[in-house]
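Engineer: A structural model of the following input is requested.
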Amino acid sequence: MVLQSENNVAIESFISLVDPRRGLMAIGYFLIKINGVSYGVKEKDATALANSYDAVVSRLEMRGKHIAPADWLILPSLSLAQILHESTWGYMSREQFAQEFNISQDKSKELIYKNNLMWAPDGDAAFDDGSRIYQFDIDDETVRLIGFNATHDCKVDISTLTDVTMNANDFYSVLKEWAESFYAEWKKRTI
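Structural biologist: Predicted coordinates for the structure are as follows:
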């Protein structure tokens, strides 16, 4: 199943094995595509899909609440990706982080988790390829997504860096349509 917006954001998923338990739902893969770059592990048994489903539903429920500081939103893609990655995964010292980004690492991490800015990884093996995707609700009408893969030495892989700003209704429509379609397919196949 592939659902795509007009702004080059898509969700692709595949169910290879259905499980009737809601906590597992199915085995398969879940990919997020931004500007043609695919994030996630595309293998028929990459992950249990309940986490990805729950993450999409959570994004829908938190519409308008994925808010970051205004000075982050005006940053170029790479600078913003570096702050986000170093906040949650990096190995900079707290002092180096504060000096480099002009915010404490603890404050930055708190903003990311409190406002549910990190979409991927979503808590399961779907993004074990090092994929990182962050979402920002800039206002009621605009969403910004930053995607990249992390390298083995915990840096942002610039060749995978994508950044898209799009209409919020278009973005949330893709999420809603995917969640409804996935749930219906899961229910149908568990009967």
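Engineer: all contacts plus neighbour counts: C-alpha atoms, from now on.
Structural biologist: Noted.
Engineer: tell me the buried residues in stretch 118-131?
Structural biologist: Within stretch 118-131, the residues that qualify as buried are 118-122, 125-128, 130-131, counting by 16 or more other Cα atoms under 10 Å.
Engineer: in the chain, where is pLDDT below threshold?
Structural biologist: The chain contains residues with pLDDT under 70 at 3-7, 90.
Engineer: contacts for the longest helix along it, please.
Structural biologist: Counting by DSSP state H, the longest helix found in the chain is helix 168-190. Helix 168-190 is contacted by residues 3-6, 9-11, 18-20, 25-26, 53, 56-57, 60, 63, 137, 140-143 when judged by Cα atoms under 8 Å, 6 or more residues apart in numbering.
Engineer: make it 7 Å
Structural biologist: Contacts of helix 168-190 from elsewhere in the structure, counted by Cα atoms under 7 Å, 6 or more residues apart in numbering, are 3-5, 18-20, 25, 53, 56-57, 60, 140-143.
Engineer: CA atoms only for it, dumped as CSV, please.
Structural biologist: Output of helix 168-190 as CSV, limited to C-alpha atoms (Å, rounded to 0.1, in the frame of the first residue of the first chain):
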residue,chain,number,x,y,z
ALA,A,168,-0.9,20.6,6.8
ASN,A,169,-4.2,19.3,5.4
ASP,A,170,-2.4,17.4,2.7
PHE,A,171,0.1,15.9,5.2
TYR,A,172,-2.5,14.9,7.7
SER,A,173,-4.7,13.5,4.9
VAL,A,174,-2.0,11.1,3.9
LEU,A,175,-1.6,10.0,7.5
LYS,A,176,-5.3,9.5,8.0
GLU,A,177,-5.8,7.7,4.8
TRP,A,178,-2.9,5.3,5.5
ALA,A,179,-4.1,4.6,9.1
GLU,A,180,-7.7,3.9,8.0
SER,A,181,-6.6,1.7,5.1
PHE,A,182,-4.0,-0.2,7.1
TYR,A,183,-6.5,-0.8,10.0
ALA,A,184,-9.2,-2.0,7.6
GLU,A,185,-6.8,-4.4,5.8
TRP,A,186,-5.6,-5.7,9.2
LYS,A,187,-9.2,-6.2,10.4
LYS,A,188,-10.3,-7.9,7.2
ARG,A,189,-7.3,-10.3,7.2
THR,A,190,-7.8,-11.3,10.9
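Engineer: thanks a lot, catch you later.
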